[in-house]
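A.B. asks: what's the 3D shape of this:
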Amino acid sequence: MASANRPRTSSSSSSSATPIRPWDYEVFLSFTRDYEVFLSFRGSDTRKNFTDHLYAALVMKGIVTFRDDEGLSRGEDIAIDLYKSIEKSRCAVVILSQKYANSRWCLEELAKIMECRIEMGLLVLPVFYDVDPSDVRHQRGSFGYALAEYERNGFGPQTQRWRAALREVGSLSGWDLRDRHEAQVIEDIVLTIWLRIRQELLLHVDKTLIGMDDRLEEIIPQMIDPLSNDVRMIGIYGLGGIGKTTIAKVVYNQIANRFMIISFIANVREDSKSRGLLYLQKQLLRDILPSKKNFITNVDEGTQMIKERLCFKKVLLVLDDVDNLDQLEALAGDRNWFGPESRIIVTTRDKHLLEVHKMDTFYEARKLDHKEAVELFSRHAFEQRNPKEDYEKLSDSVVRDVDGLPLGLKVLGRFLFSKTICQWKSELQKLEREPNQEIQSVLKRSYDELDHTQKEIFLDIACFFNGEDEDRVTRILDACNFYADSGMKVLSDKCLITI
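C.D. replies: As a prediction, the model looks like this:
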């Protein structure tokens, strides 16, 4: 019998030699464990003090933890259910105390834990509770005495296995409680586990990604540059609906496990306007200091705390949908805010913001080519890679009208799903007169942010000068007092026109 807080429900899946890609979210979930932490401890030493306090702190943080209840009856041999609980855990915290080796149950548990470390990648975190790590490693003191007794009592083969497990766990990096406050150590353990769990959790992305492999090959080696020790700031810009957020999520999923601190701040523009910069700073600081609450009262305090807490840490920070320089200055004001090898990724519709903030490199999210666009549209309209028979010409017409914009392809594909050819023709005729509101609202946001003169330039180019010579268009617009050079640069930075 045992007690645990809220075991996770996991779905079974067969093993596969195919590696899990960072955007295969559903596949990743099928491999999740029942428990995030398995606690191994000697009950008479620590059950009512250190272990109980650690268990409470883990549960309070929302970390699903298995704790064997030594107060319940059990047989001489370790229970099969306990073996399964170890196998279904992400990590094991082994609390090595003076009488730990006095329990054959504890030693069998430890041996199983160390086996799972090798065979299943179980993370093992030792806590040396008033014992010298070298005594554990070399089986001296109470550990040596207990093992010698087992050998004298005929447990030779088991003892060799237990000695190997103690040698291995005693060599691992962990926490030595001698001359340290328990509360501080517990806080460190919880933070370490919490950050590790966050690193293993992928952001959800659409499973029908098209063309992502090629884009990752451009961004990660050339722009992220994982081998560089410098702090690098990378800007991803492009038209609304082009896939900037999706690209940022996939990159984040791909490289998150390389960093000590990770944070993805979504909807920066929207939350900044509705809740303020202080809210965004608190969101970032919660990722850094999960146990702290309401610890800053203004943006200046937040700026100072972010700098102080991150300046020596390897950080991956993504700021998604930035539209104002104040947002960057409040959340990632300078490279010296972050430790070596940190990576700051910013997505925006406005390239000029990235230029002003002096990003190290820029990536323009590009439209899908025709083949990619047909596949993405077909995935949503027909749930297959290519259009159904008799729908090819209609599908090609939609793809050409949308011009490679992923959002438009997905929205229209879902909208036309399961409709007849007659219904398709009718809907497409309607769309010529009444644009889809979901697509229109996303695209119109960039237009609405322009001033009056910039809007006039955009409308003139869209209606009269599309594809015309730049110099000729500039002279005509200047003759209308539209300040063409300045206005066209703004439109180009916002990806509303291509020069």
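A.B. asks: any low-confidence regions in the stretch 351-499 of the chain?
C.D. replies: Low-confidence segments of the stretch 351-499 of the chain (pLDDT under 70): none present.
A.B. asks: Surely Tyr363 forms part of a strand?
C.D. replies: Yes - under DSSP: H, G, I helix; E, B strand; the rest coil, Tyr363 falls within a strand.
A.B. asks: what sits opposite it in the beta ladder?
C.D. replies: Ile236 (DSSP bridges).
A.B. asks: What's the local residue count around it?
C.D. replies: When counting by other C-beta atoms under 10 Å, one arrives at 24 neighbours for Tyr363. No exception for glycine: its C-beta is placed from N, CA and C like everyone else's.
A.B. asks: likewise Gln222?
C.D. replies: As a measure of burial, Gln222 has 11 neighbours, counting by other C-beta under 10 Å.
A.B. asks: Distance-wise, check it relative to Arg232.
C.D. replies: 11 Å (C-beta to C-beta, to the nearest Å).
A.B. asks: Now for these two: what residues contact both?
C.D. replies: Thr361 (C-beta atoms under 8 Å, 6 or more residues apart in numbering).
A.B. asks: where in the chain is pLDDT low?
C.D. replies: Counting by pLDDT under 70, the ranges of the chain that qualify are 1-33, 69-78, 198-201, 290-294.
A.B. asks: residue boundaries of the strands in it?
C.D. replies: 3-4, 35-40, 65-67, 89-96, 123-128, 175-176, 232-237, 261-265, 315-322, 343-348, 361-364 (DSSP state E).
A.B. asks: tally of neighbours for Lys59?
C.D. replies: Heads up, residue 59 is Val, not Lys. Val59 has 16 nearby residues by other C-beta under 10 Å.
A.B. asks: give me the number of residues near the closest residue to Arg137 other than its chain neighbours?
C.D. replies: What sits nearest to Arg137 in space, not counting adjacent residues and going by C-beta to C-beta, 6 or more residues apart in numbering, is Gly170, at 3.1 Å. Neighbourhood size, Gly170 [other C-beta under 10 Å]: 21.
A.B. asks: quick one: Gly170 from Pro126, how far?
C.D. replies: In terms of C-beta to C-beta, Gly170 sits 7 Å off from Pro126.
A.B. asks: Overlap in contacts, these two.
C.D. replies: In contact with both Gly170 and Pro126: Leu96, Pro133, Val136, using C-beta under 8 Å, 6+ apart.
A.B. asks: my read: the last one touches Leu166, true?
C.D. replies: Put plainly, it is Val136. Yes - look at Val136 against Leu166 with C-beta atoms under 8 Å: they come within range, at 5.5 Å.
A.B. asks: and for the two, which residues touch both?
C.D. replies: What both Val136 and Leu166 touch, as defined by C-beta under 8 Å, 6+ apart, is the set Phe143.
A.B. asks: Show me what Thr65 bridges to in the sheet.
C.D. replies: Residues in beta-bridge contact with Thr65 (DSSP bridges): Val37.
A.B. asks: I'd assumed Ala365 was in contact with Lys244.
C.D. replies: Yes - contact criterion C-beta under 8 Å: Lys244 and Ala365 qualify, at 4.8 Å.
A.B. asks: Give me the common contacts of the two.
C.D. replies: Ile236, Tyr237, Gly238.
A.B. asks: Now do the residue of the chain most remote from its centre against Ala146, distance only.
C.D. replies: What lies farthest from the middle of the chain is Arg152; by C-alpha atoms, centre = their mean that is 52.4 Å. Counting by C-beta to C-beta, the gap between Arg152 and Ala146 amounts to 11 Å.
A.B. asks: quick one on the thing from earlier: of all the shared contacts of Gly170 and Pro126, which comes closest to Val398?
C.D. replies: Within the shared contacts of Gly170 and Pro126, distances to Val398 taken as C-beta to C-beta reach their minimum at Leu96, with 64.6 Å.
A.B. asks: For the shared contacts of Lys244 and Ala365, which single residue is the most surrounded?
C.D. replies: Neighbour max across the shared contacts of Lys244 and Ala365 (other C-beta under 10 Å) = Ile236, 27 neighbours.
A.B. asks: Spit out the contact partners of that residue.
C.D. replies: Taking C-beta under 8 Å, 6+ apart, one finds Ile219, Lys244, Ile247, Ala248, Ile345, Val346, Thr347, Thr348, Phe362, Tyr363, Ala365 in contact with Ile236.
A.B. asks: burial of the second one, as a residue count?
C.D. replies: When counting by other C-beta under 10 Å, one arrives at 23 neighbours for Lys244.
A.B. asks: Would you check how far apart it and Leu354 are?
C.D. replies: 12 Å.
A.B. asks: Ok, the fourth one next?
C.D. replies: The spacing between Ala248 and Leu354, counted by C-beta to C-beta, is 13 Å.
A.B. asks: cool, the last one as well?
C.D. replies: Using C-beta to C-beta, we find Ala365 at a distance of 13 Å from Leu354.
A.B. asks: So for the two, which residue has more residues nearby?
C.D. replies: The residue with more neighbours, out of Ala365 and Leu354, is Leu354; 24 against 21, by other C-beta under 10 Å.
A.B. asks: ok, that one touching Phe362?
C.D. replies: Yes - applying C-beta under 8 Å, one finds Leu354 in contact with Phe362, separated by 5.8 Å.
A.B. asks: Need the overlap of contacts for these two.
C.D. replies: Gly235, Tyr237.
A.B. asks: which among the contacts of Ile236 end up buried?
C.D. replies: Ile219, Lys244, Ile247, Ala248, Ile345, Val346, Thr347, Thr348, Tyr363, Ala365 (16 or more other C-beta atoms under 10 Å).
A.B. asks: Settle this for me: the last one is touching Gly240, isn't it.
C.D. replies: No - using C-beta under 8 Å, Ala365 is not in contact with Gly240, being 10.4 Å away.
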